[in-house]
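**Q** no FASTA, just this:
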């Protein structure tokens, strides 16, 4: 009978990364209430290791959300990216992490509000640039874009994984009618 070898403290960072990746997959497939044991199994670590890194389900879900946010902030820091680039990344993340996003949407937690602030800060310069380029309606604010993202997350959380991308694209097309540039006739 083969047993797992204890890779020791040197594997802590690798184990943590594997747990976050596994949680992203399990939560996408089964929701945030999916079995924690499935996360540990998929990551190839024992449950004790999982609980050393993430004492609660909320801590694990937060790690997935935090990883998504770091990716958004990194992309936003690139001066060559646009608001559309950011919304595409956020959309991709929503499709894979809808359960995590909806989990935090139900919490009125200052930590969650801080994450929203970080997203808003990442979006703000791109919203300003889109206004200057004329690709976003002049009255559209960062709060409007965040509202659209929240609406998409709520929509996607109720759609089977294999249908999420199509639904998100339909929703963005509808939302962009309101967020996009004013039609030429209305500009007169």
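**A** Cool, got the structure. All figures in this text were calculated on a predicted structure; none of them were measured in a lab.

**Q** So for the host helix or strand of residue 176, mean pLDDT?
**A** Per DSSP states H and E: residue 176 is located in helix 164-179. Per-residue pLDDT over helix 164-179 has a mean of 77.

**Q** what sits up against that helix?
**A** Applying CB atoms under 8 Å, 6 or more residues apart in numbering, the external contacts of helix 164-179 come out as 87, 91, 94-95, 98, 136-137, 140, 144-145, 148, 151-152, 155-156, 159. Where C-beta positions appear, they are placed from N, C-alpha and C, glycine not excepted.

**Q** What segments of the protein are helices?
**A** Counting by DSSP state H, the segments of the chain that form helices are 12-30, 36-43, 47-53, 57-77, 83-105, 110-133, 142-156, 164-179.

**Q** Now tabulate those helices in TSV and tack on mean neighbour count.
**A** Formatted as TSV, the helices of the chain follow (neighbours: other CB atoms under 10 Å):
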stretch	mean neighbour count
helix 12-30	18
helix 36-43	18
helix 47-53	16
helix 57-77	17
helix 83-105	20
helix 110-133	15
helix 142-156	18
helix 164-179	15
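
**Q** Give me the nearest residue to the residue nearest the centre of the chain, chain neighbours excluded.
**A** By CA atoms, centre = their mean, the chain has its centre lying nearest to residue 93, at 4.2 Å. Leaving aside its chain neighbours, residue 93 sits nearest to residue 68 (4.5 Å; criterion: CB to CB, 6 or more residues apart in numbering).

**Q** Correct me if wrong: the one you found contacts residue 97.
**A** Yes - applying CB atoms under 8 Å as the test, residue 68 and residue 97 come out as touching, 6.0 Å apart.

**Q** how close does residue 133 get to residue 176?
**A** Note on residue 133: its distance to residue 176, by CB to CB, to the nearest Å, is 14 Å.

**Q** Ok, residue 161 next?
**A** 24 Å.

**Q** for this structure, which spans come out with low pLDDT?
**A** 1-10, 98-109, 177-188 (pLDDT under 70).

**Q** Kindly report the domain assignment for the protein.
**A** Here the domain parsing of the chain from automatic domain parsing is 11-55, 57-179.
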